[in-house]
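Structure, please.
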Amino acid sequence: MSAVDYALPQLETDEGFRAFAYTDTTGHQTIGYGFNLAAGMSEPEARNLLAFMVADLDETLETHSWYAACNDTRKSALLNMAYNMGISGLLQFKDMIAAITAQNWAEAKAQCLNSSAARLLPTRYGRIADLLLTGTPSGD
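Take a look at the predicted model:
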């Protein structure tokens with residue numbers, strides 16, 4: 001075993017896990033296993049966290065047959081939505097999901113755009129809707 005392998009369980013015990021931000025004994029806003037929020041994070045750390053979170057969303061969504069039946073481009077659009085609003089938010093798009101199930105991509109696009117999310121973030125959701133429609137990476 002490496003030093004890292006030995007240190008990780010010690011740190012998990014010593015730091016303890018907290019799912020939500022808290023003030024530690026030195027007055028710092030902290031989360032997880034003692035991650036100091038004021039210290040920020042590097043872009044590589046943020047990218048690793050993003051990749052982990054998206055992989056976790058994908059694994060959860062794969063349990064839905066309408067998602068599993070999509071190609072990777074359409075899945076990427078749905079992952080974008082799930083990341084933005086959470087899986088519970090994505091699942092509120094019942095008419096869009098029905099259209100996806102029926103492989104009615106024009107209706108899936110229309111339902112994606114007929115949302116408060118699309119009105120709030122029109123560029124993002126316009127791109128997502130195009131990906132749903134075409135199933136191609138460029139949205140063409």
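
So, low pLDDT: which residues of the chain?
For the chain, the stretches with pLDDT under 70 are 139-140.

where do the helices sit along it?
3-15, 43-61, 65-68, 72-91, 94-101, 105-113, 116-120, 122-134 (DSSP state H).

export those to a markdown table and tack on mean neighbour count?
Bear in mind the C-beta positions are built from the backbone N, C-alpha and C, glycine included. Below are the helices of the chain laid out as a markdown table (neighbours: other C-beta atoms under 10 Å):
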| stretch | mean neighbour count |
| --- | --- |
| helix 3-15 | 10 |
| helix 43-61 | 12 |
| helix 65-68 | 14 |
| helix 72-91 | 18 |
| helix 94-101 | 18 |
| helix 105-113 | 19 |
| helix 116-120 | 13 |
| helix 122-134 | 18 |
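
and residue 35, which of the ones you listed is closest to it?
helix 3-15 (8.8 Å; C-beta to C-beta).

quick one, domains of this protein?
3-39, 43-134 (automatic domain parsing).

Report the contact partners of the residue most central in space within the chain.
Closest residue to the average C-alpha location of the chain: residue 83 at 2.7 Å, with C-alpha atoms, centre = their mean. Shown in contact with residue 83 (C-beta atoms under 8 Å, 6 or more residues apart in numbering): 53, 54, 57.

Now render the residues you listed as TSV, adding distance to residue 114.
TSV is the format used below for the contacts of residue 83 (distance: C-beta to C-beta, whole Å):
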residue	distance to residue 114
53	27
54	25
57	23
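
Just the closest of those to residue 93, please.
Out of those, the member with the shortest distance to residue 93 (by C-beta to C-beta) is residue 57, at 14.8 Å.

hmm, back to that, pipe the helices of the chain into TSV and attach distance to residue 25 per row.
Listed next are the helices of the chain as TSV, based on distance: least, C-beta to C-beta, whole Å:
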stretch	distance to residue 25
helix 3-15	11
helix 43-61	24
helix 65-68	44
helix 72-91	32
helix 94-101	47
helix 105-113	47
helix 116-120	40
helix 122-134	41
